[in-house]
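Student: Structure for the following, please:
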Amino acid sequence: MKTIQPKMHNSISWAVFTGLAALCLFQGVPVRSGDATFPKAMDNVTVRQGESATLRCTIDNRVTRVAWLNRSTILYAGNDKWCLDPRVVLLSNTQTQYSIEIQNVDVYDEGPYTCSVQTDNHPKTSRVHLIVQAVGFVSEDEYLEIQGITREQSGDYECSASNDVAAPVVRRVKVTVNYPPYISEAKGTGVPVGQKGTLQCEASAVPSAEFQWYKDDKRLIEGKKGVKVENRPFLSKLIFFNVSEHDYGNYTCVASNKLGHTNASIMLFELNEPTSSTLLQEVKTTALTPWKGPGAVSEVSNGTSRRAGCVWLLPLLVLHLLLKF
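Tutor: This is a model prediction of the structure:
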């Protein structure tokens with residue numbers, strides 16, 4: 001695939017303009033509209049998943065610069081392609097129309113697109129909202145059938161009925177897709193003896209999952225001394241207030257609802273804290289080991305070596321005392 005590089009020497013000022021225009025547009029700051037009669041692009045473009053979407057912008061001979069943007073990303077600036085997506089192609093750039101095509105659209109292509117135009121030194125914008133209909137939708141008159149529905153297709157659906165007599169009547173229907181739990185995050189953690197430790201288990205499910213905790217195939221009962229279970233709709237926490245040697249080991253989080261269940265193993269392991277004796281030994285070793293860095297002198301007198309050891313030892317001991325208290 002040949003990547004089209006932008007012509008930087010002709011387009012750098014235009015890039016600055018389009019970037020500022022996009023920034024103003026999406027931060028809620030109104031862009032100067034200039035001539036109020038500037039024609040707008042179509043408000044909505046609806047295509048099925050896998051088809052091609054054409055985004056058109058009507059212009060006139062007063063226009064000096066044009067660009068298409070997806071949110072704050074520049075797709076095309078004039079004839080120069082700025083995005084790397086091979087599905088986005090330029091259809092026309094004439095005195096009357098500036099249009100692009102997005103081939104093989106997917107659901108993540110849905111959203112706002114902006115045609116940014118400069119004319120008479122005044123930037124103007126026109127927006128298009130791309131709507132992508134997922135495959136598997138079959139509509140017959142007042143019925144909408146969704147075949148093989150997935151949890152991503154849950155949400156609000158809108159039905160509009162209209163004729164030549166009155167304004168359209170719109171009704172909304174909320175579709176809830178039930179699915180069994182799946183655990184999205186479960187990570188082990190290390191905790192020193194005597195410290196507080198927490199194991200977390202996150203699970204997505206509709207209806208919400210119920211959680212249970214096990215250790216070595218034995219279910220943990222709520223109210224055990226020193227251990228607490230906190231459950232939320234999508235999160236469960238196993239809290240140890242004072243970790244002991246007996247608490248270390250492998251724990252199992254089980255998430256379930258009426259459609260199924262799943263589980264994940266989480267390890268609570270010991271994390272050793274440095275003792276005073278080990279820290280002092282490390283300090284002595286560091287202080288008495290000759291420095292071998294660039295420019296170091298290894299042949300020193302005994303007096304000089306002892307003084308160097310004291311210099312290293314003092315700040316490390318002070319640091320240890322500060323961390324302890």
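Student: how much space between residue 48 and residue 98?
Tutor: Separation of residue 48 from residue 98 (Cβ to Cβ, to the nearest Å): 25 Å. All C-beta spots, glycine's among them, are computed from the backbone N, C-alpha and C.
Student: between the two, who's got more neighbours?
Tutor: residue 98 (24 against 12; other Cβ atoms under 10 Å).
Student: wait, what's in contact with residue 230?
Tutor: 236-237, 239 (Cβ atoms under 8 Å, 6 or more residues apart in numbering).
Student: With neighbour count as extra columns, can I get those residues in a markdown table?
Tutor: Below are the contacts of residue 230 laid out as a markdown table (neighbours: other Cβ atoms under 10 Å):
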| residue | neighbour count |
| --- | --- |
| 236 | 23 |
| 237 | 16 |
| 239 | 14 |
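Student: so of these, which ones are in strands?
Tutor: Members of the contacts of residue 230 lying in strands (criterion: DSSP state E): 236-237, 239.
Student: And the protein, what are its domain boundaries?
Tutor: Listed by automatic domain parsing, the domain ranges of the chain are 8-133, 137-175, 180-270, 276-292+303-324.
Student: residues touching the closest residue to residue 213 other than its chain neighbours, list them.
Tutor: If the residues on either side of it in the chain are set aside, residue 213 comes closest to residue 220, at 4.5 Å by Cβ to Cβ, 6 or more residues apart in numbering. With Cβ under 8 Å, 6+ apart as the criterion, the residues that contact residue 220 are 213-214, 227, 229, 238, 251.
Student: where in the stretch 201-325 of the chain is pLDDT low?
Tutor: Along the stretch 201-325 of the chain, the model assigns pLDDT under 70 to residues 223, 274-325.
Student: all helices of it, in order?
Tutor: With DSSP state H, counting those that start in this stretch as the criterion, the stretch 201-325 of the chain has helices at 276-288, 302-324.
Student: now swap in the stretch 1-150 of the chain and tell me
Tutor: 8-26.
Student: partner residues bridging residue 124?
Tutor: Taking DSSP bridges as the rule, residue 124 bridges to residue 117.
Student: I'd like to know how far it sits from residue 233.
Tutor: 47 Å.
Student: Then residue 202?
Tutor: Applying Cβ to Cβ to residue 202 and residue 233 gives a distance of 11 Å.
Student: The two: who's more crowded?
Tutor: A side-by-side neighbour count of residue 202 and residue 233, using other Cβ under 10 Å, places residue 202 first with 19 against 13.
Student: Residue 268: what's it in contact with?
Tutor: If you count contacts by Cβ under 8 Å, 6+ apart, then residue 268 has 188-191, 197, 199, 240, 243, 247-249, 251 around it.
Student: Against residue 83, how distant is it?
Tutor: Distance from residue 268 to residue 83, by Cβ to Cβ: 47 Å.
Student: what's across from residue 249 in the sheet?
Tutor: Under the criterion used (DSSP bridges), residue 249 bridges to residue 268.
Student: Tell me who's in contact with it.
Tutor: 215-216, 267-268.
Student: how about those residues in CSV, adding distance to residue 93?
Tutor: Shown next, in CSV, are those (distance: Cβ to Cβ, whole Å):
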residue, distance to residue 93
215, 67
216, 69
267, 60
268, 62
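Student: got the contact list for the nearest residue to residue 194 once chain neighbours are set aside?
Tutor: Nearest residue to residue 194, sequence neighbours excluded (Cβ to Cβ, 6+ apart): residue 242, at 6.1 Å. Residue 242 sits next to 194-196, 226 when contact means Cβ under 8 Å, 6+ apart.
Student: Looking at those, which two lie furthest apart in space?
Tutor: 195 and 226 (12.2 Å; Cβ to Cβ).
Student: Buried among the contacts of residue 268? Need that as a selection in PyMOL.
Tutor: Selecting the buried subset of the contacts of residue 268 in PyMOL, with 16 or more other Cβ atoms under 10 Å as the burial test, is done by:
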select buried, resi 191+197+199+240+243+247+248+251
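Student: list the contacts for the closest residue to residue 245 other than its chain neighbours?
Tutor: The shortest distance from residue 245 to any non-neighbouring residue, by Cβ to Cβ, 6+ apart, is to residue 193 (6.5 Å). By Cβ under 8 Å, 6+ apart, the contact list for residue 193 reads 243-245, 270.
Student: try residue 210
Tutor: Contacts of residue 210 by Cβ under 8 Å, 6+ apart are 231, 255-257.
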